[in-house]
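In: Sharing a model that was predicted from the sequence below.
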Amino acid sequence: MRILTQQPPNLALIEAAFPGRPAGVIYAYGQTIYNPDGINVIPMLVEHETVHSVRQERLGVDQWWARYCEDAPWRYREELYAHVREYQVALQLASVKLVKGQGSPRLERVQLRAAERKLILARSARRLVAPLYGYGPERHFERAKRDIMELSVCGDVTML
Ligand SMILES: [Zn+2]
C-alpha cells in the first residue's frame, strides 16, 4: 500500500460520523493509507489497514465506508478483522529474538511465554475497543479478547 501524508478523499463523511477524532488517526481508502498527521506507520499498522483495503476493494470502497460510518456492529466486525491481523503480526514479531551465541548474533524464532501472549492480546483488545470507534457501550474489553482469540486461529482474516 502507498502512504500519503494528507487527508482521505472522503474526509467529509468521516468528519460527520466521527467528530473530535484524536490526532494521529490513519485511514485506508482503497490501496492508499492516508496519514494526515504524518505518524510513524509501523508494519503492524500497515497490516491493519491492508485488511480494510482488501475488504474495501471487494465491497466497493465507498460502499464499505458508508456502512462503516453508519453501522456500529458491522464496524466492530471490520475492526475485529483488522485487529486480529495486528495481533497475529505482533505475535510473529515478538517471537523473533536476537540470539547471541558463538559467532555473530542471529535472529531465531522462539516460543512465546503465556504471559507475553496475554500481554499482546490485551494490547490488541484495548485498541479494538478504543472510544474512537464509537461502537456504543456494548463492546467490552473481555469480549474483544475472546473475539480476537477466536478469529486469530483462522489464518488470513481478509478471506473471512
Ligand atoms: Zn481499522
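Out: The structure has been received and is ready for your questions.
In: residue with max distance from the center of this protein?
Out: Q102 (38.6 Å; Cα atoms, centre = their mean).
In: Could you report the distance from it to L128?
Out: The spacing between Q102 and L128, counted by Cβ to Cβ, to the nearest Å, is 43 Å. The way it works is simple: take the backbone N, C-alpha and C, and place the C-beta from them, glycine included.
In: tell me the centre residue of this structure?
Out: In the chain, the centroid-proximal residue (Cα atoms, centre = their mean) is H48; its distance is 3.4 Å.
In: Distance check, the residue farthest from the centre of the chain against V157.
Out: In terms of Cβ to Cβ, Q102 sits 40 Å off from V157.
In: is it true that T5 touches N35?
Out: Yes. The criterion here is Cβ atoms under 8 Å, and T5 meets it with N35 at 5.5 Å.
In: which of the two has more neighbours?
Out: Between T5 and N35, counting by other Cβ atoms under 10 Å, N35 is the more crowded of the two (21 against 12).
In: on that earlier part again, hang on, the residue farthest from the centre of the chain is in a helix, isn't it?
Out: No. Q102 is assigned coil when assessed by DSSP: H, G, I helix; E, B strand; the rest coil, not a helix.
In: What's the local residue count around the residue of the chain found nearest the ion?
Out: Nearest residue of the chain to the ion: A82, at 4.2 Å (Cβ to the ion). The local packing of A82 (other Cβ under 10 Å) involves 24 other residues.
In: and the particular helix or strand that has E47 in it, how far from the chain's centre?
Out: Element membership of E47, judged by DSSP states H and E, is helix 43-59. Mean-position distance between helix 43-59 and its chain equals 8 Å (Cα atoms, centre = their mean, to the nearest Å).
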